[in-house]
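# Just a sequence and a predicted model for now, questions to come.
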Protein chains: 2
Amino acid sequence: MADKKMVESITSMEEDFAQWYTDVVKKAELMAYSSVKGFMIFKPAGYAIWENIQKQMDKRFKETGVENVYMPMLIPEGLLEQEKDHVEGFAPEVAWVTKGGLEPLTENLCVRPTSETLFCDFYKNEVQSYRDLPKIYNQWCSVVRWEKETRPFLRSREFLWQEGHTVHATGEEAQERTEQMLELYATFAEEVLAIPVIKGQKTEKEKFAGAKATYTIESLMHDGKALQSGTSHNFGDGFAKAFDIKYTDKDNSLKYAHQTSWGTTTRLIGAVIMVHGDNEGLVLPPRIAPVQICIVPVQMQKEGVLDKCFAIADELKERGFSVKVDDSDKSPGWKFAEAEMRGIPLRIEIGPRDIENNECVFVRRDTREKTTVALDNVADKTSEMLETMQKEMFEKAKAHRDAHTYTAKNYDEFRDTIENKPGFIKAMWCEDMACEDKIKEDTGATSRCMPFEQEQISDVCVCCGKPARKLVYWGRAY
Amino acid sequence: MADKKMVESITSMEEDFAQWYTDVVKKAELMAYSSVKGFMIFKPAGYAIWENIQKQMDKRFKETGVENVYMPMLIPEGLLEQEKDHVEGFAPEVAWVTKGGLEPLTENLCVRPTSETLFCDFYKNEVQSYRDLPKIYNQWCSVVRWEKETRPFLRSREFLWQEGHTVHATGEEAQERTEQMLELYATFAEEVLAIPVIKGQKTEKEKFAGAKATYTIESLMHDGKALQSGTSHNFGDGFAKAFDIKYTDKDNSLKYAHQTSWGTTTRLIGAVIMVHGDNEGLVLPPRIAPVQICIVPVQMQKEGVLDKCFAIADELKERGFSVKVDDSDKSPGWKFAEAEMRGIPLRIEIGPRDIENNECVFVRRDTREKTTVALDNVADKTSEMLETMQKEMFEKAKAHRDAHTYTAKNYDEFRDTIENKPGFIKAMWCEDMACEDKIKEDTGATSRCMPFEQEQISDVCVCCGKPARKLVYWGRAY
């Protein structure tokens, strides 16, 4: 019955996952390419997902005492250079404003790639006494990094994100906030995006430029590649020393402050696509779907059909669901395919015969399972089905992740696995960066994290064979 | 009783309005200066007002069918130049990115001063058929204009705003949307910000670069200066012709599309400050106040006082109010002054004797009027008082605006009024730009708008004495 034209134009994910991804982001109308190389346009269906992420994450932030602020988008060259590791990390990939109005600037300004330096410059003046601490600030904005290769949502020269920047009296407090925000990200990914994550610490090699320690949540895409999905950094007092952020403590002594930063980006949209999508298109978890229910009238010219559809829509709206009635002049088959392509969690089909029988048909997007539901019971059944779907999408993603998580005890096993079984590899590491470099060089895999949940799966480093006590998740990554 | 230290440090508005404004934005902790000249930092109390504006305005947008999108922040030079009037208007005040990463760019990119050109470039590809129309898109973002003189919230090199950009099949539809959005802005300003506005059309001289017609809402600040508070533009098919945005109509003929754009900015925060503020600081209308009620415990070390304060706070939160209990270790007097400085609409004072008598004291921020309220009746009374306050703040601002709106029938009268009576001047105009130029040159006053509500207060132009049929609002403006 379904009109297949729309669907047939997607490459299947088994055939070419990268092309499948590109097809989905275009056909589901999430984005468009702009005529500025490496910069993308968020179309309504794509931006609405980001709005839902923002709304729900921001609420969770505020429950932990976060306050939102807004910093300038431009950073003076001298300010960017103030922390040595930080400037080394970012200078090669920033965009420079050199002219304002008709005149050259006396000091070049870069478009923020991240805002540590601006926050430090601000905190230097704001923080004088222990009474001024802590400050738990965050901003939602866009940043620019001059990437060479770009891909929609995953890597682009401009992206949207939130960046939290906090300042504390003690190192303990900073560490606590760093872990608290990582935990918040993990819970958000699992509860809202239905994406299971591994929580852990980045190695020295992979940590943020200027950080003392970086923590991460790592998720696994359907093709077995890893995606860093959120990071939280403890800066210790490194930035405070570089920027002279000092406060007078209760005992009247002058102390350096301790800082953190933490961020998530529009990559999360890419993660949702690549974890849940299928060959019919996007599949959105109900909690993040801008439209949760699409009602499709069948034989809509027949008297009473559209009225019934809108009555059901009103009932569902009253219960707080986001609903759309597709009363366009396309065929029902086309509408089914379109709703599937756009990843709308639940489709409700209502035709004249259904109305006669006081029923309608529910179709779940994830399983495509059909259920006949009494018209009197639509709201309760919707609520139940969306909750089930949210839960089962998470479980399915977790089962996939677990089924694609391997262990390797020696280097042959490691190389064989990375070549033939896309996924995470758990393997021991001696903590020498040389081994990490060699693994990346040989296999393209990077250390994703040292998970909080450690296991001793062997006593020696998977690369050099020397004694090893750290378990690391490895993988090829986006 | 009140600790006056904090308050005494504000300049009185009668003495020096500009200094009063600067003092308020700093003391109410709305913003901080950054070390990038002309760029400001939105501190939590300032950004929270913008969040409230966004939330409520965005809801109204969506009710009229607006969808949010996000466009790149950078515009290629060639794209900016595509519409002649537009580039002439904006080129002198944009910031140019000339280097990305370590290499010079082959084409310079400007940081968006506004995004008409990007939307046109996008619509050119998106719009093919009458079926693709209309598109009613908006984005919330920041823009950069290289202003020479800057002032917090009112004029800065970067500011936050929303910019709507729509594309329609017909000129009538575009005109309808232009007027609809102006009406939405006017209603928002009056209902939410409690700021009365004059709706009207801009003259040719003052219209937007590239527009066919620009409409505006104009408000009057406490010092008698005007503030353009929102604009809505009808582009006709001018941009469509410059960017080749064509669609195939039902009759199979190829037609140019018609477009609009409309915007409001963080200036609205400046308007709120300058319309409602007083010599004790900020005064926020309840509907826009991030904290609506501040509960101040008196003798808070006494048993039961803090408990009562938090119990009342919980009750008010349950009713949907935003409440803060100030349990810091400052004196009650200091807390009163601070809550006033920050413009919190309602202060509730609760001490041991109040609790004994089953009552507390309400203090309205705008009138500073005190009312004793029974503890059982706090929620209802709060609701009633905030509604009254919202209404009366609007009425007070309107009375002030009306009392400072003058008429002038000849040039002497005009010049005398502009020198001695700060406010709007209503005067007839012959529609010759030479008179507009002369008035600006002689008096510093600009035409604010040709109001929708026209009156024939004289038959001749206030400047040249020739026949005139247009009533114009004039004023010195921010």
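Arrived safely. Residues are numbered from 1 along each chain as shown, chains lettered A, B, ... in the order given.
# Which segments of chain A make up each domain?
Listed domain ranges for chain A are A:16-276, A:293-388, A:406-475 (source: automatic domain parsing).
# most tightly surrounded among those?
domain A:16-276 (a mean of 20; mean count of other C-beta atoms under 10 Å in any protein chain shown). C-beta here means a position set from N, CA and C on the backbone, and glycine is covered the same way.
# Compute the first-to-last residue distance for it.
With C-alpha to C-alpha, to the nearest Å as the measure, domain A:16-276 spans 16 Å from end to end.
# re the thing from before, which one, of the domains of chain A, ends up nearest to residue B:41?
Comparing the domains of chain A by their distance to residue B:41 (C-beta to C-beta), the top pick is domain A:16-276, with 5.8 Å.
# What strands line up against whatever helix or strand residue A:97 lives in, and which way round?
Element membership for residue A:97 (DSSP states H and E) is strand A:95-100. Strand A:95-100 sits in its sheet next to strand A:103-111 (antiparallel), strand B:95-100 (antiparallel), going by DSSP bridges.
# can you list those strands in CSV and add distance to residue B:461?
Shown next, in CSV, are those (distance: least, C-beta to C-beta, whole Å):
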stretch, distance to residue B:461
strand A:103-111, 40
strand B:95-100, 40
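# can you list the residues of the stretch 301-450 of chain A near chain B?
Neighbours of chain B within the stretch 301-450 of chain A, by C-beta under 8 Å from any C-beta of the partner chain: none found.
# Residue A:478 and residue A:229 touch, don't they?
No: taking contacts as C-beta atoms under 8 Å, residue A:478 lies outside contact range of residue A:229: 10.0 Å.
# one step back: of all the strands paired with strand A:95-100, which lies closest to residue A:258?
Using C-beta to C-beta, the strands paired with strand A:95-100 put strand A:103-111 closest to residue A:258, at 26.3 Å.
# Could you tell me the angle between the direction of whatever helix or strand comes next after the closest one and that of strand A:103-111?
Downstream of strand A:103-111, the first helix or strand assigned by DSSP H and E is helix A:116-126. On the basis of axes from the mean of the first three to the mean of the last three C-alpha atoms, to 10 degrees, helix A:116-126 is oriented at 100 degrees to strand A:103-111.
# Show me what helix A:116-126 packs onto, helices and strands only.
Under the contact definition 3 or more C-beta pairs under 8 Å, 6 or more residues apart in numbering or on different chains; DSSP states H and E, helix A:116-126 sits against helix A:77-80, strand A:135-144, strand A:158-168, helix A:238-243, strand A:258-265, strand B:31-33.
# What lies in contact with that helix?
Identification of contacts with helix A:116-126 by C-beta atoms under 8 Å, 6 or more residues apart in numbering or on different chains yields A:71-72, A:75, A:79-80, A:82-83, A:86, A:112, A:132, A:135, A:137, A:165, A:167, A:210, A:235, A:239-240, A:242-245, A:257, A:259, A:261, B:32, B:34-35, B:41.
# Tell me what angle that helix forms with strand A:158-168.
30 degrees.
# May I have the residues that are in contact with residue A:23?
Taking C-beta under 8 Å, 6+ apart, we find residue A:23 in contact with A:9-11.
# same question, residue A:345
A:283-286, A:289, A:292-293, A:364-366, A:386, A:389.
# could those go into a markdown table alongside pLDDT and secondary structure?
Converted to a markdown table, these look like this (pLDDT from 0 to 100; DSSP: H, G, I helix; E, B strand; the rest coil):
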| residue | pLDDT | secondary structure |
| --- | --- | --- |
| A:283 | 98 | coil |
| A:284 | 98 | coil |
| A:285 | 98 | coil |
| A:286 | 98 | coil |
| A:289 | 98 | coil |
| A:292 | 98 | coil |
| A:293 | 98 | strand |
| A:364 | 98 | strand |
| A:365 | 98 | coil |
| A:366 | 98 | coil |
| A:386 | 98 | helix |
| A:389 | 98 | helix |
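# Thank you kindly, that will do.
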